[in-house]
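*Asks:* Next come a sequence and a model predicted from it.
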Amino acid sequence: MTYLVTGATGSVGRHVVAHLLEAGHRVRALTRDPGRARLPEAVEVVQGDLGKVETLWPALEGVTGVHLIDVADSGYTPLANGPEIVEAVRKAGARKATLLSSWSAGTLEPAVLSSDLEWTYVQPTEFMANALAWAEPVRTRGVVEEAFPATRTPMVHEADIGAVIATALTEDGHHGRSYGLTGPELLDVPAKLRILAEAAGREITLVELTVDELRERYRAQGMPEEMIEFRIEIFGNVPDDAYQVTDTIEEVTRRPPRTFAQWAAEHAGSFR
């Protein structure tokens with residue numbers, strides 16, 4: 001059986017690929033630029049674009065299941081052709097589909113969830129990989145500038161997200177399920193920085209930004225206004241009980257979720 005992974009070169013997609021390979025499955029990876037994929041040799045890398053359904057047919061041939069992302073481009077624009085993608089998957093004969101939630105639902109989410117595919121919807125909380133945005137200022141100045149430092153979130157390791165997706169694609173019992181994924185602990189920004197500082201072996205100073213300063217930083221990065229307001233909403237001025245730890249990862253994968261300390265140890269070199 002062959003499984004197609006879209007978004008295979010992303011922070012989650014690479015782990016989906018790795019878990020499928022580890023379990024002995026054949027993996028096909030969809031990417032716009034195969035020459036830059038840098039995936040294991042065992043992976044069949046094919047060129048295609050979710051935003052252009054006509055490019056998907058070679059990638060879908062003989063596929064048992066598909067992992068989908070609702071992203072049209074590097075700017076995180078939601079896909080506008082969700083129904084066409086689902087119809088292509090169905091016509092190709094694929095039976096299973098997983099869908100990774102996006103910051104803003106496009107047309108793919110409702111198309112998948114209303115289809116007769118054996119779908120599983122995966123909704124992670126904040127990725128631990130988001131902390132890589134701090135790497136450059138930590139390396140060069142030993143400083144992290146953030147708004148809402150007291151907000152506690154249960155960051156989730158990308159490898160655990162990938163493990164849940166691979167399990168849902170290849171095992172029975174996940175049809176029609178929506179999985180909210182979290183890490184094992186709630187951490188505010190100072191706690192995250194203490195963990196990173198210990199892993200990297202250096203001091204890290206926190207500088208608190210105002211909301212307006214945060215908006216300007218995001219705009220300078222080219223972030224869309226809707227995404228800016230979305231991020232401010234999910235991290236700013238939230239109730240103490242807004243984020244809760246779930247045990248979904250352990251239920252699905254039969255192993256406890258990885259901690260932020262584990263992630264920090266794996267990526268310590270990026271902060272030195």
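*Replies:* Now that the structure is in, tell me what you want to look at. Residues are numbered from 1 along each chain as shown.
*Asks:* Buried residues, the helix or strand of the chain with the lowest mean pLDDT. List them.
*Replies:* When each helix and strand of the chain is scored by mean pLDDT, DSSP states H and E, helix 225-235 comes last, with a mean of 86. By neighbour count on 16 or more other CB atoms under 10 Å, the buried set for helix 225-235 is 228, 231, 232, 234, 235. Yep, even glycine has a C-beta here, placed from its N, CA and C like the rest.
*Asks:* okay, those in TSV with distance to residue 120 next?
*Replies:* Listed next are the buried residues of helix 225-235 as TSV, based on distance: CB to CB, whole Å:
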residue	distance to residue 120
228	30
231	26
232	30
234	23
235	27
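*Asks:* For residue 152, state which of the residues you listed is nearest.
*Replies:* residue 235 (10.4 Å; CB to CB).
*Asks:* Contacts only, for residue 18.
*Replies:* Neighbour list for residue 18: 40, 159, 162 [criterion: CB atoms under 8 Å, 6 or more residues apart in numbering].
*Asks:* Please apply the same query to residue 186.
*Replies:* 152, 153, 154, 243, 245.
*Asks:* related to what we said a few turns ago, now the contacts of residue 18 as CSV including distance to residue 113?
*Replies:* Formatted as CSV, the contacts of residue 18 follow (distance: CB to CB, whole Å):
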residue, distance to residue 113
40, 31
159, 26
162, 21
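*Asks:* that older thread, so how do I select the buried members of the contacts of residue 186 in PyMOL?
*Replies:* Applying 16+ other CB under 10 Å to the contacts of residue 186, the buried members can be selected in PyMOL as follows:
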select buried, resi 152+153+154+243
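*Asks:* Now render the contacts of residue 186 as a markdown table, adding secondary structure, distance to residue 15 and pLDDT.
*Replies:* Output for these, formatted as a markdown table (DSSP: H, G, I helix; E, B strand; the rest coil; distance: CB to CB, whole Å; pLDDT from 0 to 100):
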| residue | secondary structure | distance to residue 15 | pLDDT |
| --- | --- | --- | --- |
| 152 | coil | 25 | 92 |
| 153 | strand | 20 | 92 |
| 154 | coil | 18 | 96 |
| 243 | coil | 22 | 87 |
| 245 | coil | 21 | 96 |
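*Asks:* So residue 149 versus residue 205, what's the distance?
*Replies:* For residue 149, the distance to residue 205 (CB to CB, to the nearest Å) stands at 12 Å.
*Asks:* circling back to that earlier point, narrow the contacts of residue 18 to those that are buried.
*Replies:* Buried, going by 16+ other CB under 10 Å: 159, 162, out of the contacts of residue 18.
*Asks:* Kindly indicate which of the contacts of residue 18 lies nearest residue 116.
*Replies:* residue 162 (25.8 Å).
*Asks:* in this structure, which spans are helices?
*Replies:* Remark: helices assigned in the chain by DSSP state H are 13-22, 57-60, 82-92, 108-113, 135-141, 158-170, 189-200, 211-220, 225-235, 248-253, 260-266.
*Asks:* In the protein, where is pLDDT below threshold?
*Replies:* 72-75 (pLDDT under 70).
*Asks:* Walk me through the domains of it.
*Replies:* The chain breaks down by automatic domain parsing into domains covering 2-116, 125-157+182-243+258-272.
*Asks:* so which of these gets nearest residue 251?
*Replies:* domain 125-157+182-243+258-272 (12.2 Å).
*Asks:* how far away is the closest residue to residue 218 other than its chain neighbours from residue 68?
*Replies:* Spatial nearest neighbour of residue 218, chain neighbours left out: residue 228 (4.6 Å); criterion: CB to CB, 6 or more residues apart in numbering. Here residue 228 is placed at a distance of 25 Å from residue 68 (CB to CB).
*Asks:* Likewise for residue 160?
*Replies:* 19 Å.
*Asks:* give the contact list for the residue nearest the centre of the chain.
*Replies:* Closest residue to the average C-alpha location of the chain: residue 12 at 4.5 Å, with CA atoms, centre = their mean. Counting by CB under 8 Å, 6+ apart, residue 12 makes contact with 100, 124, 127, 158, 161, 162, 165.
*Asks:* Try it again at 6 Å.
*Replies:* 158, 161, 162 (CB atoms under 6 Å, 6 or more residues apart in numbering).
*Asks:* if I pick the last one, what's in contact with it?
*Replies:* Translated: residue 162. 12, 15, 16, 19.
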